[in-house]
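S.K.: The sequence and its predicted three-dimensional model are supplied below.
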Amino acid sequence: MPANNLQTVRKSLGIKQAELASMLATPVTKGTVSNHETGTRTPTVYQALEYAAVLGVSVEELFPAKTKPVAVRTAA
């Protein structure tokens, strides 16, 4: 299971890692994009916002929250 949807969205748009890296306002390396896609490294909030803007999707779509179900207690 992928760490996030960055790679899926990037590939669906036909963009290579190196291209995406250079499209950001603060360019990063192809290796940084790869690390963000695999979850080896977590992008900064600013980088996540930039990825979303460049790819035309929401941050939530690229990096969905990983939450665990919470048991809800009801009053007896």
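M.R.: It's in. This is a predicted model, so every value here is computed, not measured.
S.K.: quick one: low-confidence parts of this protein?
M.R.: In the predicted model of the chain, residues 1, 67-70, 76 satisfy pLDDT under 70.
S.K.: got the residue ranges for the helices in the protein?
M.R.: 6-12, 17-23, 30-38, 45-55, 59-62 (DSSP state H).
S.K.: Could you check the ones you listed and tell me which one is nearest A75?
M.R.: Closest to A75 of these is helix 59-62 (C-beta to C-beta; 32.6 Å). For the C-beta atoms, the positions are set from N, CA and C on the backbone; glycine is no exception.
S.K.: Show me what the closest one is packed up against.
M.R.: If you count contacts as 3 or more C-beta pairs under 8 Å, 6 or more residues apart in numbering; DSSP states H and E, helix 59-62 packs onto helix 6-12, helix 45-55.
S.K.: Next one: the spatially closest residue to R10 that is not a sequence neighbour relative to E50, how far apart?
M.R.: The shortest distance from R10 to any non-neighbouring residue, by C-beta to C-beta, 6 or more residues apart in numbering, is to L20 (5.6 Å). Distance check for L20 against E50: by C-beta to C-beta, to the nearest Å, it reads 10 Å.
S.K.: Which one's more surrounded, those two?
M.R.: The neighbour comparison of L20 against E50 (other C-beta atoms under 10 Å) goes to L20, with 25 against 20.
S.K.: what about the more buried one, distance to T26?
M.R.: 13 Å.
S.K.: Quick check: buried residues in stretch 23-31?
M.R.: L24, V28 (16 or more other C-beta atoms under 10 Å).
S.K.: So which residues make contact with it?
M.R.: I15, Q17, A18, A21, Y46, Q47, E50, Y51, V54 (C-beta atoms under 8 Å, 6 or more residues apart in numbering).
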